[in-house]
Every structure is written in structure tokens, then in C-alpha cells.
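Engineer: Everything below, folded, please.
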Amino acid sequence: MPTPLKRISLKHLIINNQRQIGIQFYPDKVIQSLLKTLDGVKWGNKYGSAYLPNTCENLNSIYATFKGIATIDGRYFYINKPLHNPVKEQNQFNYIGPRNAHTKNYRTCPNEFLQKLELKKYSKNTARTYIGMFEGFINHFLDKSLNELGETEIRSYLSYQVKLGRSDSMLNQIINSIKFYYEIVLGMPNRFYDIERPIKREKLPEVLSKEEIMCVLKHTRNLKHRCLLSTIYSGGLRIGEVINLKIKDVDSSRMMLRIEGAKGGKDRYSLLSKTLLDDLRDYYKMYKPEVYLFEGPNGNTYSSTSIRKILKKSCLKAGIRKNVKPHSLRHSFATHLLKQGTDLRSIQTLMGHNSLTTTEIYTHVANTAMSTIKNPLDSY
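Structural biologist: Next comes the predicted model:
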């Protein structure tokens, strides 16, 4: 039986602003001996691989040296090879992002960036964020090519964003988009693992009491608008989930809502209120939606901006001055479930949280145990 070939992988590396061919392999004396015969080869502890300048001559030399000795995995190296005919190639994310093509010298995301988003099946919302953030970064340094951008430029750009007062969430999104390009698109793991992220702040979510929720719904006169807000609250839905909810997702026999392709591409079920179901039946007879439960003009999905405006208007009418957003209704749903004795694991399932730690934040909001504690000032 023939001896199986050894295996090495080629990766793109940029060291001291120079393109390099990374050579990764499992410890092997034969491969190590052959590597030493390559002209200009070096070892990079940071990347856990050998490397040498990225030239056609060196690439040919690698194949010639390991021919018959090791198989060469180049799937991460030949990432710029078009998947289709470039002339006919289209991508569902080509239209997403600021796309300020009318701006002089504006640089858009590389096509391989869009391809990788599509192949990894990122949601449109995530893709829009990554594209917008990355384009903001590369257009901040128009005098440099992408290959010249490194940790110095990233830190400088993040410092600039901090001075602009960007939120911690936005700073993290910027870092994620940059890491996506270098680590996922170019196949260079941990390329910028030393970049500091903002300290995670434990902020409590804004919630409404049950009385405030009822007051908001009471002041939402339009039946469709009231059904929209009621669905978000009674199912603990994200705004994108209620927008994409279809008529078929309302399971009245089980009193459940089916949420398909939620955050992280997961499906789940949540609760359907009997009160809401009665309103939805009246709404259906009046508006006659065809595909989506709440349709916008021409049968398209409803606008998230419109939902925010509806909620803001209803809160003003109800005299509620809190900074209420659609997500506040979702937070209120979880908090009210916890107050009425629902266990955390069940709430986690209904909310679609990956980790129970995320759900546990509502224990700080509910204050169920604290409500029984007598304030020392009141004991005099």
C-alpha cells in the first residue's frame, strides 16, 4: 500500500507591508528539511508558519520542491479566482452599503469581500453593516492600497471614530468588518488579534411596565399599527422578525408564532396571544395581506422606520417619556415573563438567545426579589 502524501497549506500573509506566501504544516522532519532548500524562507512565530516573498518564482519553487512528497492545499491562497465569469458575475450584496460611487475616488468593497459574505450566507443586515463599516475604513486612507493598511492604520482609524463619539457597539462592528476582510476573505487567521476592543459595558435594557404597554396599545388607534406593536410585544420579536413574519407563520391551533431565519439563521417558536389573535383576524379581513403578515406598499415587507415612528407617536400620546424603541417591547416581554414566574431556560428559548447569560440580564431588570426588601429610610 503506497505511503499517503504529506500535506501543506498555503496562506496569504502581509509582513512589514510586504506580501508573503505562508506555508503551514504539521511538524514533519521531511517537510522541514525541504523548506530549508527554498531561497529566502523564514519562520514567523506570530503566524505559526514558514513564509517567503510572494512571487511567481517562489510559488513555482514550492510546487516543484514538494512534488510527490506533499499535497498542497491552496484553497485559501487562490481566493481571488473568480467563481463565475467576471462579465456575468452578480452578487446579492452588490447594492448594499453606502455605495457612494458618485463621490470622486470612492472605493467600494472588493468583490471577493461580497462573494465571501454571500457564500457564508450572512444576513442582509449583517452584510450591510460589514460593507458600510469596511468602506468607511478603506476610504479614510485613500492614499494607501489595501495591502499597505495594517495595525497602525486600524488603531488610527478607531481613535478617530472614538473622537467622533461612536458607540462601543459601532466600534466593535468596525473591528469585526476589518477582521472579516483579513481573516475570512484573505484567509489570515488572527491577523489583528492585538487590536483592543472597547470594554464591555453592562447596560440594563429599557423596559415598560404592563400598564405602560397597555396604555401605548390603547393610544394606537390604527388596527394595523396596534397589531404590529402587539405582535412584537406578545412574541418578544426583533423588529426584523416581525417585518419578515408571514401569514403561514401564525399557528392558531398551537397558539404559536413561527420565526424563520432569525438572528444567526435560526428558526424558533414564540407565543401567540389570544387577544392578539382576535385582533389579527379583524385586521386580516380589513387589510387582506397576501404573503407577509404586515405588508408595505405593493406587497413588500413593512418599513422598520415606519414601525419606529408608530411606536414613538403612540408613546407621546400615552404620555410616556422613556426612550422607547421597538426592541424595548421585546425586553418588556422577557421581563414580564420572568416576573410572573417563567423559568429562564424557557425565556431563553422564546427569545432565541444563544447563551443563558444573555437572558440573565432580565433578572436585574425584573427586581422580583428586591421588591420585598424594605427601604431603611421608610423604617423610621
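
Engineer: Not including adjacent chain positions, what is the nearest residue to residue 232?
Structural biologist: Counting by C-beta to C-beta, 6 or more residues apart in numbering, residue 329 is the residue found nearest to residue 232 once chain neighbours are left out, at 4.6 Å. From N, CA and C alone the C-beta is placed, and that goes for glycine too.

Engineer: so which strand or helix has the one you found?
Structural biologist: helix 326-339 (DSSP states H and E).

Engineer: what's the answer for residue 113, then?
Structural biologist: helix 111-119.

Engineer: Return the set of buried residues in that helix.
Structural biologist: Applying a neighbour-count criterion of 16 or more other C-beta atoms under 10 Å, one finds 111, 112, 113, 114, 115, 116, 117 buried in helix 111-119.

Engineer: same question, stretch 40-57
Structural biologist: 41, 47, 49, 50, 51, 52, 53, 54.

Engineer: just those: which has the poorest pLDDT?
Structural biologist: Lowest pLDDT within the buried residues of stretch 40-57 is found at residue 47 (71).

Engineer: nearest residue to the most centrally placed residue in the chain other than its sequence neighbours?
Structural biologist: Nearest to the geometric centre of the chain sits residue 126, at 4.3 Å (C-alpha atoms, centre = their mean). Nearest residue to residue 126 in three dimensions, chain neighbours excluded: residue 117, at 7.9 Å (C-beta to C-beta, 6+ apart).

Engineer: Spit out the contact partners of that neighbour.
Structural biologist: Residues near residue 117 by C-beta atoms under 8 Å, 6 or more residues apart in numbering: 93, 126, 127, 130, 131.

Engineer: which one of those sits closest to residue 374?
Structural biologist: Lowest distance from residue 374 to these (C-beta to C-beta) belongs to residue 126, with 47.6 Å.

Engineer: now the closest one, what's its secondary structure?
Structural biologist: helix (DSSP: H, G, I helix; E, B strand; the rest coil).

Engineer: Residue 338 versus that one, what's the distance?
Structural biologist: 29 Å (C-beta to C-beta, to the nearest Å).

Engineer: And residue 284, by the same measure?
Structural biologist: Counting by C-beta to C-beta, the separation of residue 284 from residue 338 is 32 Å.

Engineer: In terms of neighbours, single out the busier of those two.
Structural biologist: More neighbours surround residue 338 than the other of residue 284 and residue 338, with 21 against 14 (other C-beta atoms under 10 Å).

Engineer: what's the spacing between that one and residue 295?
Structural biologist: Look at residue 338 and residue 295: by C-beta to C-beta, they are 33 Å apart.

Engineer: before we move on, what about residue 173?
Structural biologist: Counting by C-beta to C-beta, the separation of residue 173 from residue 295 is 30 Å.

Engineer: can you check residue 30 too?
Structural biologist: 65 Å.

Engineer: Looking at those two, which is more packed in?
Structural biologist: residue 295 (18 against 11).

Engineer: okay, the contacts of residue 117 in CSV with pLDDT next?
Structural biologist: Shown next, in CSV, are the contacts of residue 117 (pLDDT from 0 to 100):
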residue, pLDDT
93, 57
126, 85
127, 88
130, 92
131, 93
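
Engineer: What about those, which one has the most neighbours?
Structural biologist: Counting neighbours by other C-beta under 10 Å, residue 130 comes out on top of these with 27 neighbours.

Engineer: Got the confidence number for the closest residue to residue 320 other than its chain neighbours?
Structural biologist: Spatial nearest neighbour of residue 320, chain neighbours left out: residue 212 (5.8 Å); criterion: C-beta to C-beta, 6+ apart. Per-residue confidence for residue 212 comes out at a pLDDT of 95.

Engineer: thinking residue 212 is in contact with residue 318, fair?
Structural biologist: Yes - Residue 212 lies in contact with residue 318 (C-beta atoms under 8 Å); the separation is 7.2 Å.

Engineer: if we can go back for a sec, residue 128 versus the residue nearest to residue 126, what's the distance?
Structural biologist: 10 Å.

Engineer: Tell me which other helices or strands the helix or strand residue 19 falls within touches.
Structural biologist: Element membership for residue 19 (DSSP H and E) is strand 18-25. If you count contacts as 3 or more C-beta pairs under 8 Å, 6 or more residues apart in numbering; DSSP states H and E, strand 18-25 packs onto strand 6-15, strand 49-53, helix 56-66.

Engineer: Residues contacting it, please?
Structural biologist: With contact meaning C-beta under 8 Å, 6+ apart, strand 18-25 is reached by 6-14, 31, 35, 41, 44, 47-54, 58-59, 62, 70, 77, 147, 188.

Engineer: show me the contacts for residue 222.
Structural biologist: Residue 222 touches residue 310, counting by C-beta under 8 Å, 6+ apart.

Engineer: Look up the closest residue to residue 138, ignoring the ones flanking it.
Structural biologist: Per C-beta to C-beta, 6+ apart, closest to residue 138 is residue 107, 5.1 Å.

Engineer: And what about that neighbour, helix, strand or coil?
Structural biologist: coil.

Engineer: number of nearby residues for it?
Structural biologist: Residues lying near residue 107 (other C-beta under 10 Å) number 16.

Engineer: One more: residue 202?
Structural biologist: Count around residue 202 with other C-beta under 10 Å applied: 6.

Engineer: Identify the residues contacting it.
Structural biologist: By C-beta under 8 Å, 6+ apart, the neighbours of residue 202 are residue 361.

Engineer: Can you list the helices and strands that the helix or strand harbouring residue 314 packs against?
Structural biologist: Using DSSP H and E, residue 314 sits within helix 304-318. Packing contacts for helix 304-318, counted by 3+ C-beta pairs under 8 Å, 6+ apart, involve helix 210-218, helix 223-235, helix 239-243, helix 326-339.

Engineer: I'd like those helices written out as TSV, with distance to residue 264 added.
Structural biologist: Formatted as TSV, the helices and strands packed on helix 304-318 follow (distance: least, C-beta to C-beta, whole Å):
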stretch	distance to residue 264
helix 210-218	27
helix 223-235	17
helix 239-243	12
helix 326-339	16
